[in-house]
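> Give me a model of this one.
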Amino acid sequence: MSKKNFSIEVEAGTVEEAVKKALKELKVSRDKAKIEVLSEEEKGLFGMPGAKLAKVRVTLLEAGKK
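Presented below is the predicted three-dimensional model:
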């Protein structure tokens with residue numbers, strides 16, 4: 001599988017957790033990827049976590065592009 005323009009979508013409790021999870025899965029550092037926030041997390045009733053997960057799309061950058 002070519003990594004050129006490869007992207008994944010990941011959900012987690014927060015945007016930052018989703019980004020970290022995606023970067024770990026792709027085995028790249030943040031500066032080698034384009035990060036798009038597809039949706040922010042939403043708190044549940046009375047501020048409890050888990051009503052809606054954050055979702056991000058992380059795309060591998062071609063060498064020399066950002």
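
> C-alpha from now on. contacts and neighbour counts both.
Noted.

> For residue 59, the count of nearby residues, please.
A count of nearby residues for residue 59, using other CA atoms under 10 Å, gives 21.

> State the distance from the closest residue to residue 33 other than its chain neighbours to residue 53.
Excluding the flanking residues, the one nearest residue 33 by CA to CA, 6 or more residues apart in numbering is residue 60, at 4.5 Å. According to CA to CA, to the nearest Å, residue 60 and residue 53 sit 23 Å apart.

> which of these two has more neighbours?
Using other CA under 10 Å as the criterion, residue 60 and residue 53 rank with residue 60 on top: 23 against 19.

> That one and residue 21, how far apart?
14 Å.

> now residue 11
On the measure of CA to CA, residue 11 and residue 21 end up 9 Å apart.

> more crowded one of those two?
residue 11 (21 against 16).

> so what's that one up against?
Listed by CA atoms under 8 Å, 6 or more residues apart in numbering, the contact set of residue 11 reads 18, 53-56.
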